[in-house]
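Q: Sharing a model prediction with you, sequence too.
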Amino acid sequence: MTAKRLEGIGEYYFSQKLREIDELNRQGRQVINLGIGSPDMPPHPDVIKTLQDESAKPNVHAYQNYKGSPVLRKAIAAWYKTWYAVTLNPDTEILPLIGSKEGIMHICMTYINEGDDVYVPNPGYPTYRSAAKLAGGNIVEYTLEENNNWLPDFEKLEKLISSSKTNQSTRLLFVNYPHMPTGQLPTQSFFEALVAFAKANQLLIVHDNPYSFILNNRPASLLSVEGAKEVAVELNSLSKSQNMAGWRVGMLCGARERIDEVLRFKSNMDSGMFLPVQLAAATALMLGGEWYDSINTMYKNRREKVFALLQLLNCSFSPGQAGMFVWAKIPGSYKDGYALSDEVLYTSNVFITPGGIFGSAGKDYVRVSLCCTEQKIDESINRIKTSLKGKK
């Protein structure tokens, strides 16, 4: 028998779907996967060289400092200063993570008591919900709507908070901008309003910020708002912006008190990252603007082709989205995004993500990843054209 904490926690959607796709491929279907946001390109050659050079040294294979290498923490601080205009103390306000997904779980286990309300966006990253539930939290959804530019409605959110009957010391509010899955960009005025709202309602904001460099020429951090460290922590990652998803390097940034609190939990869960990986990550964070320009040029070209694919399916979308996906509304002839996703998979051997996996507010949408070559996207378009002709 499994523990009660797993009740209501299903297997991650993509874990299940990838098994189905593997089975279709064993049948010879050769499915093109446009579903998952895992960069298909390598990191910069200098990053790989650092890993190779450092891992060949005899003295780098021991357990590491629980707070991470000072070299990496200083590189994170410099990166935040250069790109976000945020000053962080590398000794006290930065905690390297084995991926930011790990950080979500650590934060939940640090602050959530059994039955505490946790506010999660709908649509939003499913891990916020599952991690909070595993920690014993009571999930309270706040709905994001297209007609409000996928931003929280603070008036409705305040009513949700004021109606809570729980007596808790810390209320967590998960936010994520640039938003996944919708690609909505934040404005400075929104970030300022968010910090003010958190102060007024005694919230701890957990801002998840892994997409700020992708198809966006103005990376922004919530911590740039004056007073944000009093009410917010920010997760960030090298998975997307540095093409290092499998390396598992992330970070938590915030006030010293928050870093120390999360470290109390984290230090009992792992023994730190392999030092050469940390040093390679520091190299990645020192890359200049030409690196981000190069990956964004590629994503922009791919996005144009994805737009054409979605137009074939009569989906509507905003052309100004950030991040490595395109979020699109399905035509009214389909029951929901699952129906369109399955039709495309079974008739064209192309997988696109149904928006409903991100919450009920995403049921009339689909999401297409840009983490696939232009040639693969072209092939997907040709397959869909062929299947559409067969329907006529």
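A: Looks like it came in fine. From a predicted model like this one, the values you see are computed outputs, not experimental measurements.
Q: what packs against the helix or strand bottoming out on mean pLDDT in the chain?
A: Sorting the helices and strands of the chain by mean pLDDT, DSSP states H and E puts helix 13-26 at the bottom, at a mean of 83. Helices and strands touching helix 13-26, as assessed by 3 or more C-beta pairs under 8 Å, 6 or more residues apart in numbering; DSSP states H and E, are absent. (C-beta placed from N, C-alpha, C; glycine too.)
Q: Now the element after the lengthiest helix in the chain, going C-ward?
A: Using DSSP state H to assign secondary structure, the helix with the most residues in the chain is helix 289-312. Next along the chain after helix 289-312, taking DSSP states H and E as the criterion, comes strand 316-317.
Q: and for the helix or strand that that following strand is followed by, what are the contacting residues?
A: The helix or strand immediately downstream of strand 316-317 is strand 325-329, counting by DSSP H and E. Strand 325-329 has contacts (C-beta atoms under 8 Å, 6 or more residues apart in numbering) with 37, 146, 180-183, 303, 306-307, 310, 313, 315-318, 321, 355, 364-370.
Q: Now do the nearest residue to Lys305 once chain neighbours are set aside: how many residues are near it, please.
A: Leaving aside its sequence neighbours, Lys305 sits nearest to Ile377 (C-beta to C-beta, 6 or more residues apart in numbering; 4.3 Å). For Ile377, the tally of surrounding residues (other C-beta atoms under 10 Å) stands at 24.
Q: Double-check Ile377 against Arg302; I have them as touching.
A: Yes. Using C-beta atoms under 8 Å, Ile377 is in contact with Arg302, at 6.2 Å.
Q: Okay, buried residues for stretch 167-175 please.
A: Neighbour-count burial for stretch 167-175, counted by 16 or more other C-beta atoms under 10 Å, picks out 168, 171-175.
Q: List the ones among those residues that fall in strands.
A: Judged by DSSP state E, the buried residues of stretch 167-175 include 171-175 as members of strands.
Q: from the residues you listed, which is closest to Ile98?
A: Among those, Phe174 lies closest to Ile98 (C-beta to C-beta), at 19.8 Å.
Q: what bridges to that closest one?
A: Val206 (DSSP bridges).
Q: quick one: contacts for it?
A: 118-121, 124-125, 128, 132, 206, 208.
Q: Go again with 10 Å.
A: Applying C-beta atoms under 10 Å, 6 or more residues apart in numbering, we find Phe174 in contact with 104, 107-108, 118-121, 124-125, 127-129, 131-132, 142, 205-208, 235.
Q: Kindly report the same for Leu157.
A: With contact set as C-beta under 10 Å, 6+ apart, Leu157 has these partners: 119, 140, 142-143, 173, 197, 201, 203.
Q: secondary structure class for it?
A: At Leu157 the chain is in helix, as set by DSSP: H, G, I helix; E, B strand; the rest coil.
Q: Not counting its neighbours along the chain, what's nearest Asn176?
A: Asp208 is the one closest to Asn176 (C-beta to C-beta, 6+ apart), at 4.2 Å.
Q: Might one say that the one you found is in contact with Leu173?
A: No. Contact criterion C-beta atoms under 10 Å: Asp208 and Leu173 do not qualify, at 11.4 Å.
Q: what's near enough to touch Leu252?
A: When contacts are counted by C-beta under 10 Å, 6+ apart, Leu252 touches 76, 93-97, 100, 102-104, 106-107, 206, 233-236, 258-259, 262-263, 266.
Q: With Thr170 instead?
A: Contacts of Thr170 by C-beta under 10 Å, 6+ apart are 110-113, 116, 118, 202-204, 261.
Q: Show me these that map onto helices.
A: 110-111, 261.
Q: who wins for most neighbours among these?
A: Tyr111 (24 neighbours).
Q: For this protein, just list every one of the strands.
A: Using DSSP E, strands in the chain cover 32-33, 94-97, 117-122, 138-143, 171-175, 203-208, 232-237, 250-253, 316-317, 325-329, 350-351, 353-354, 365-369.
Q: How is this structure partitioned into domains?
A: Segmentation of the chain into domains, based on automatic domain parsing, reads 4-42+290-391, 45-287.
Q: low-confidence ranges in the stretch 1-150 of the chain?
A: Applying pLDDT under 70 to the stretch 1-150 of the chain flags residues 9-12.
Q: re earlier: now the buried members of the contacts of strand 325-329.
A: By neighbour count, with 16+ other C-beta under 10 Å, these hold 37, 180-183, 303, 306-307, 310, 313, 315, 317, 321, 355, 364-370 as buried.
Q: Compare the strands of the chain and give me the one nearest Val60.
A: Val60 sits nearest to strand 94-97 of all the strands of the chain, at 15.7 Å, using C-beta to C-beta.
Q: Which strands or helices does that closest one pack on?
A: In this structure, strand 94-97 packs against helix 70-84, helix 100-111, strand 232-237, strand 250-253, helix 256-266, helix 275-285, with contacts taken as 3 or more C-beta pairs under 10 Å, 6 or more residues apart in numbering; DSSP states H and E.
Q: Tabulate the ones you listed (a markdown table), appending distance to Gln52.
A: Compiled in a markdown table, those are given as follows (distance: least, C-beta to C-beta, whole Å):
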| stretch | distance to Gln52 |
| --- | --- |
| helix 70-84 | 17 |
| helix 100-111 | 25 |
| strand 232-237 | 23 |
| strand 250-253 | 22 |
| helix 256-266 | 28 |
| helix 275-285 | 8 |
